[in-house]
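sequence below, structure please.
(chains A and B)
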Number of protein chains: 2
Amino acid sequence: MELLPGTQQVFEKIRSVLEEVYRLYGFLPLDTPVLESSEILLAKAGGETEKQIYRFSKGDSDLTMRFDLTVPLAKYVALHAGELVFPFRRYQIGKVYRGERAQRGRFREFYQADIDIIGDGKLSVYHDAEIPSVMYEIFTRLGLKDFVIRLNNRKILSGFFSWLGIGDKTQDVLRIVDKIDKIGREKVIQEMSGIGVSDEICGKVIDFIGFRGSNEEVEALLNRYAGCNELYDEGVRELGDVLRAISSFGVPKEAFAVDLSIARGLDYYTGTVYETTLLKHPEIGSICSGGRYDNLAEYYTDRKLPGVGMSIGLTRLFFILNEREYLSGQFKAPADVMILPMTEDMAPAISLSSRLRAEKIRTQICLEEGKFKTKIHYADRLGVRYVLFLGEDEIRSGMYALKDMQTGEQKSLSFEDCVKTVRAMQNEVNNSPIVIME
Amino acid sequence: MELLPGTQQVFEKIRSVLEEVYRLYGFLPLDTPVLESSEILLAKAGGETEKQIYRFSKGDSDLTMRFDLTVPLAKYVALHAGELVFPFRRYQIGKVYRGERAQRGRFREFYQADIDIIGDGKLSVYHDAEIPSVMYEIFTRLGLKDFVIRLNNRKILSGFFSWLGIGDKTQDVLRIVDKIDKIGREKVIQEMSGIGVSDEICGKVIDFIGFRGSNEEVEALLNRYAGCNELYDEGVRELGDVLRAISSFGVPKEAFAVDLSIARGLDYYTGTVYETTLLKHPEIGSICSGGRYDNLAEYYTDRKLPGVGMSIGLTRLFFILNEREYLSGQFKAPADVMILPMTEDMAPAISLSSRLRAEKIRTQICLEEGKFKTKIHYADRLGVRYVLFLGEDEIRSGMYALKDMQTGEQKSLSFEDCVKTVRAMQNEVNNSPIVIME
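Numbers count the residues shown, from 1 in each chain, chains lettered A, B, ... in the order given. Modelled structure (predicted):
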């Protein structure tokens, strides 16, 4: 995804909102290498991953480009465990690389924005509520509407399956069931039968995970099976704690929901799991997913490091918002003010620009020679809101001709009033949403 | 370079200063791909570059990882020339990749922070003054001391050499002369003789480029040869304009100096050239270099696109500042406040954390169960300045026990006073320099 500069600026704006919120919650930044020895990155990888990765040799090194931010995190935490303070809270916004066949909205290099909290030996279930709350705050600040963070607990599914006598097939059942939205009920029954699950049991599984209702109704359903299995009960208890804590974090009821069908494909999730969908755009799939895992770094250390995390597919999300024209046009200008010097000597324009910048006003000087009209056109094409004309009169009087390019209005203002005018516009823009969904 | 999280946070702080200043000057962000087809990235590359790059095949693609940010800029500008507004001002802070042999302070992936201004057909020489002024502001804001932006103009050197009758050897002479600080006068004379430059001419060249003095003294020297050559005169005129404009931009005399020995190795600089050195650490070499070029994208388009730019070797600079302990320790904490809940119910702690975050206070809750001492130790190890104890009494009264971990002082404060106290600390930290050089 290569963007035009104005659009790139909107992307950077979104990125800065993510960073700001992550920091407000006490997450530390991490910046792991893109290139790692293949031995490290592929310690755990299976066939599908191997096919997608960029791997090559240089001299004696067998190198791979990272394909997610979780494996590098595991290696980092294992390597630096002695120097880190646990629970360790980190965010990372970085590019990952996958050699997928090019497709609209799928890129071979794309940003992921991850947060994780890693404990040393243990980690309170409250963190399972904190993580989606952080994401809720981000999406809300961005201006995203009608999104729902859907959650489940893998222990509920595993416990339920054990009780049904298909516990030895949990991984396979989860894998098949995970596809129900894509392939439909019939296909799922068929595939389940293929691994030796009877139609009756399969029906129970589908009725359970296919249940739709309010969080209270789902909890009532869950209570109906209470005591069926120890793991099941543990999962139900955890899910209840997480739901209550999410409310404490201020996430409104309509923004999160239990969905017993969520299992997440990856095999390392062991408790809470999340997906986030846009209600009006289910076709997009999950824009932010994750979950709780028992052991982050088992391939790199004997230390048990449980954790919980979520990841935003930032490039994909941005691509969709841009394509559907949900992005505000207000963040594209490179400057707030363009100074148009009307004298040959540039010194007064230069020193005025320094004064404006000292007031945190993004200022550009039109330094090129050329016709007046060309200069105005330059400011206009860049989307700069205010043009300040600086001729002999203005320099002498200290009253500047400030033109609002949006309204066409032009005023003669003191330096202080110029600053006030521009700052009012800055505040208005900064307080307006980046994403505009009706 | 893989950093511990606290140090990584200092790096991010520096990066944000760069971005803030670039934006204040109206530069637009760019984010070009890391992976490009080899054909594009290597259109111009010579033998040395080819040896260092990461190049590999995947399916039908012959891919290369970018080794600088200039070649991708050239390709980008050529590709999007019709949609860009010229002069086009862009910044890019991104990783580049070179397979150099590992060395202290040299990494195979490292950040460069580039700014460039590209004109369409022409570009005012004032931009040659603006670029180093931006860099001056960055270094000053960071707290860097005793740095000098040294500049020269390649036209002066080329003109002077033509006049001496060695114009046909300009490239070679520049290349040899560029090494004078490394290999010394004798070796330069020897190498020059090897390409057919007499000792007498060589002596003149060295006396010219080896001249040291104030900017006025250098200008006096330059005037002594006035009229010797048209190109020379043009260079002297440009250099004078740039020097005067740099002063207008508010850069003090001691922070920039003409240095006639600067030629820059790369063959595409055609006018002003820059290097930046730390006076007390000449061994580090240039921390920020660049120059003016006639034609950015000649390999990709027929359009003539002159430009001027500078690049900070950000990873290397950071590595040195960190190694020599010039980095402030004030920016390492992940949060301003750590809430220690003293009740079983986490809800009051969670809602207090939301209120603090709404006041832009970075807040973390100690969500783990454990001994009081362990929790205090957790806050202390993370370097969090304030701990807020939240028990039944505090919840009832709305008066919070806030402990300053630096002074050990503990006060009972209302919410508003907690915010005031923490904000005063935030302001103090934010206004303190990141780099501390005595």
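
going forward, measure contacts and count neighbours with C-alpha atoms only.
OK.

contacts only, for the residue of the stretch 1-150 of chain A found nearest chain B.
The minimum distance from the stretch 1-150 of chain A to chain B, using Cα to the nearest Cα, falls at A:Leu24 (4.0 Å). Applying Cα atoms under 8 Å, 6 or more residues apart in numbering or on different chains, we find A:Leu24 in contact with B:Ala335, B:Arg357, B:Lys360, B:Ile361, B:Arg362, B:Thr363.

from those, which land in strands?
Counting by DSSP state E, these place B:Thr363 in strands.

what's the neighbour count on the closest residue to chain B within the stretch 301-438 of chain A?
At 4.0 Å from chain B, A:Arg362 is the closest residue in the stretch 301-438 of chain A, using Cα to the nearest Cα. By the criterion of other Cα atoms under 10 Å in any protein chain shown, A:Arg362 has 27 neighbours.

repeat that for A:Arg324.
By other Cα under 10 Å, 10 other residues sit near A:Arg324.

is the helix or strand containing A:Arg423 in proximity to chain B?
Under the criterion of DSSP states H and E, A:Arg423 resides in helix A:415-430. No - under the criterion of Cα under 8 Å from any Cα of the partner chain, helix A:415-430 makes no contact with chain B; the nearest approach is 12.8 Å.

just the pLDDT for the residue of the stretch 1-150 of chain A closest to chain B.
Per-residue confidence at A:Leu24 stands at 98 (pLDDT).

do A:Glu48 as well
69.

A:Ser61 now?
For A:Ser61, the model assigns a pLDDT of 89.

A:Asp294 now?
At A:Asp294, pLDDT is 90.

so who does A:Ile166 touch?
Applying Cα under 8 Å, 6+ apart, the residues contacting A:Ile166 are A:Val197.

kindly provide the distance from the most centrally placed residue in chain A to A:Glu275.
Among the residues of chain A, the one closest to the centroid is A:Ile312, at 2.9 Å (Cα atoms, centre = their mean). For A:Ile312, the distance to A:Glu275 (Cα to Cα, to the nearest Å) stands at 10 Å.

what is in contact with these two at once?
A:Ile287, A:Cys288, A:Ser289.

can I get those in CSV with secondary structure?
Rendered in CSV, the data for those read as follows (DSSP: H, G, I helix; E, B strand; the rest coil):
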residue, secondary structure
A:Ile287, coil
A:Cys288, strand
A:Ser289, strand
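
buried subset of those?
Neighbour counting with 16 or more other Cα atoms under 10 Å in any protein chain shown marks A:Ile287, A:Cys288, A:Ser289 as buried within those.

one step back: separation between the residue of the stretch 1-150 of chain A closest to chain B and B:Asp336?
9 Å.

give me the common contacts of the two.
Common neighbours of A:Leu24 and B:Asp336, using Cα under 8 Å, 6+ apart, are B:Ile361, B:Arg362, B:Thr363.

who's in contact with A:Thr246?
For the record, residue A:246 is Ile, not Thr. Contacts of A:Ile246 by Cα under 8 Å, 6+ apart are A:Ala129, A:Glu130, A:Pro132, A:Ser133.

look at it and give its secondary structure.
Here A:Ile246 takes the helix state, with states given by three-state DSSP.

neighbours around A:Ile195, how many?
11.

now do the same for it: its pLDDT.
93.

swap in the one 3 residues further on?
On pLDDT, A:Ser198 comes in at 92.

what sits closest to it if chain neighbours are left out?
A:Met192 (7.6 Å; Cα to Cα, 6 or more residues apart in numbering or on different chains).

wait, what's in contact with the one you found?
So A:Met192 contacts A:Val173, A:Ile176, A:Ser198, A:Cys202 (Cα under 8 Å, 6+ apart).

now do 10 Å
Contact partners of A:Met192, counting by Cα atoms under 10 Å, 6 or more residues apart in numbering or on different chains, are A:Lys169, A:Asp172, A:Val173, A:Ile176, A:Val177, A:Glu186, A:Ser198, A:Asp199, A:Ile201, A:Cys202.

need the max-distance pair from those residues.
A:Lys169 and A:Glu186 (19.1 Å; Cα to Cα).

quick one: which of these two has more around it?
A:Lys169 (17 against 10).

neighbours around the closest residue to A:Glu369 other than its chain neighbours, how many?
Counting by Cα to Cα, 6+ apart, the nearest residue to A:Glu369 once its immediate chain neighbours are dropped is B:Ser124, at 7.4 Å. Residues lying near B:Ser124 (other Cα under 10 Å) number 16.

now A:Glu216
By the criterion of other Cα under 10 Å, A:Glu216 has 11 neighbours.

now swap in A:Gly94 and tell me
Neighbours around A:Gly94, by other Cα under 10 Å: 19.

so A:Leu321 makes contact with A:Lys145?
No - using Cα atoms under 10 Å as the test, A:Leu321 is too far from A:Lys145 to be in contact (11.8 Å).

quick one: common contacting residues for those two?
A:Val435, A:Ile436, A:Met437.

can I get these in JSON lines with pLDDT?
Putting the shared contacts of A:Leu321 and A:Lys145 into JSON lines (pLDDT from 0 to 100) gives the following:
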{"residue": "A:Val435", "pLDDT": "96"}
{"residue": "A:Ile436", "pLDDT": "96"}
{"residue": "A:Met437", "pLDDT": "90"}
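
enumerate the residues of the stretch 51-200 of chain A near chain B.
Applying Cα under 10 Å from any Cα of the partner chain, we find that the stretch 51-200 of chain A lies next to chain B at A:52-59, A:63, A:76, A:80, A:83-91, A:95, A:97, A:99, A:101, A:108-110, A:119, A:122-127, A:130.

please redo it, this time with the cut-off set to 6 Å
A:Ser124 (Cα under 6 Å from any Cα of the partner chain).

flag the shaky bits of the stretch 51-200 of chain A, pLDDT-wise.
By pLDDT under 70, the low-scoring segments of the stretch 51-200 of chain A are A:100-105.

strands along that one, start to end?
A:55-58, A:61-65, A:88-97, A:109-118, A:147-153 (DSSP state E, counting those that start in this stretch).

right, I'll leave it there.
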